[in-house]
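just the structure for this:
(chains A and B)
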Amino acid sequence: MENPLHPFELHQLVHLSLFGLDISLNKAVLIMWVVVGLAATLLVLGGTSRRLVPTKLQSLAEMLVEFIRGIILDTMGQDGLKFFPLVGTLFVFILFSNLLGLIPGSYTVTSQIVVTGVFALMVYGLSLVLGFLLHGIKFLGILVPPGTPGWLLPLMMPIELISQLARPISLAVRLFANMTAGHVILGVLFGLAITGGVLIGWLPFAFTIAMNALEVGIAFIQAYIFTVLTCVYLGDAMHLHGHEEHAH
Amino acid sequence: MDSAAAALLGMGLAAAGFAGAGVGIGYIFGKMIEAVARQPEAEARVGKYMWIGFALVEAIALYGLVIAFIIMGLRK
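Presented below is the predicted three-dimensional model:
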């Protein structure tokens, strides 16, 4: 049986090392540079003109900013806006790398669990640091849902502890698994289309087109989900049960 | 039964988890249609939460896929 994960394997293109650390270039690194360059170019071009009647690029950049601002206001409230740079960067990077990965021959950076894992750990670590800075030791109260009767505490606290610890894992695995699974399904369908020949092969081929459309949607939804959950976790740390109507 | 066959069986069993996600996604979209039929003006608000719920449920199905990959990695 052929390994369906073969397209996700990385091989070093240029060997580099810095003080014994392996910093070789591979496809993922190159695509990551492309993602950053493309996103930065588009947003800088869209942001510098600032006309009253916006150009197409400027309206795109404005829509993006309004969208991210809406997410933050919905989940964290007004004082969450100071995290706009972090949340916006995460959203734009994940969205662009998901979408660029859909181009055949390219590489999906977010299908590497090391990338999503670092993002998730960074977000979760930031929420812990923020919570302890703002609330001190009272931040441990996040383990007790409001309105819990006292006799339930020995049961609720381990459950809440596990659900807290599962947050970074689920955040990382969700993005990584969605991207990997989408590409594996596309690969399997293309394999069927090739082995099926012309007579029956058009059927899976037509299906790959529909799957590609779904994948564009998934790329957007997963970037959105990652951003929303980032905001929810940071908002939980900031408000500590205070904003129940915002934190869903 | 040799271990290679057992690994293949395990990978197949991991795919059974998709049944639960199927139920969940059907439930989410069904409830969304019910909600919009009752209150059409709430569509934008409900729709946002529907997509979040959809992605969360879909991710749980993919945990099964991750387990299948782990078994596949252990096979060699």
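
in chain A, where is pLDDT below threshold?
For chain A, applying pLDDT under 70 flags the ranges A:1-4, A:241-248.

I meant chain B, not that one.
Filtered on pLDDT under 70, chain B yields the residue ranges B:76.

tell me which parts of it are close to chain A?
For chain B, the residues in contact with chain A (C-beta under 8 Å from any C-beta of the partner chain) are B:49, B:51-52, B:54-56, B:58-59, B:62-63, B:65-66, B:69, B:72. From N, CA and C alone the C-beta is placed, and that goes for glycine too.

try it again at 6 Å.
Contacts of chain B with chain A, taken as C-beta under 6 Å from any C-beta of the partner chain, map to B:51, B:55, B:59, B:62, B:65, B:66.

can you redo those as JSON lines with neighbour count, distance to residue A:45 and secondary structure?
Below are the residues of chain B next to chain A laid out as JSON lines (neighbours: other C-beta atoms under 10 Å in any protein chain shown; distance: C-beta to C-beta, whole Å; DSSP: H, G, I helix; E, B strand; the rest coil):
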{"residue": "B:51", "neighbour count": "17", "distance to residue A:45": "30", "secondary structure": "helix"}
{"residue": "B:55", "neighbour count": "20", "distance to residue A:45": "31", "secondary structure": "helix"}
{"residue": "B:59", "neighbour count": "22", "distance to residue A:45": "34", "secondary structure": "helix"}
{"residue": "B:62", "neighbour count": "21", "distance to residue A:45": "36", "secondary structure": "helix"}
{"residue": "B:65", "neighbour count": "20", "distance to residue A:45": "39", "secondary structure": "helix"}
{"residue": "B:66", "neighbour count": "17", "distance to residue A:45": "39", "secondary structure": "helix"}
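
tell me the gap between stretch A:177-188 and the middle of its chain.
When distances are taken as C-alpha atoms, centre = their mean, to the nearest Å, stretch A:177-188 is centred 16 Å away from the chain's centroid.

close to chain B, is it?
Yes - for a cut-off given as C-beta under 6 Å from any C-beta, stretch A:177-188 has contacts with chain B, namely A:177, A:178, A:181.

can you tell me what sits against that stretch?
Defining contact as C-beta atoms under 6 Å, 6 or more residues apart in numbering or on different chains, one finds that stretch A:177-188 is touched by A:4, A:108, A:110, A:111, A:208, A:211, A:215, A:218, A:222, B:62, B:65, B:66.
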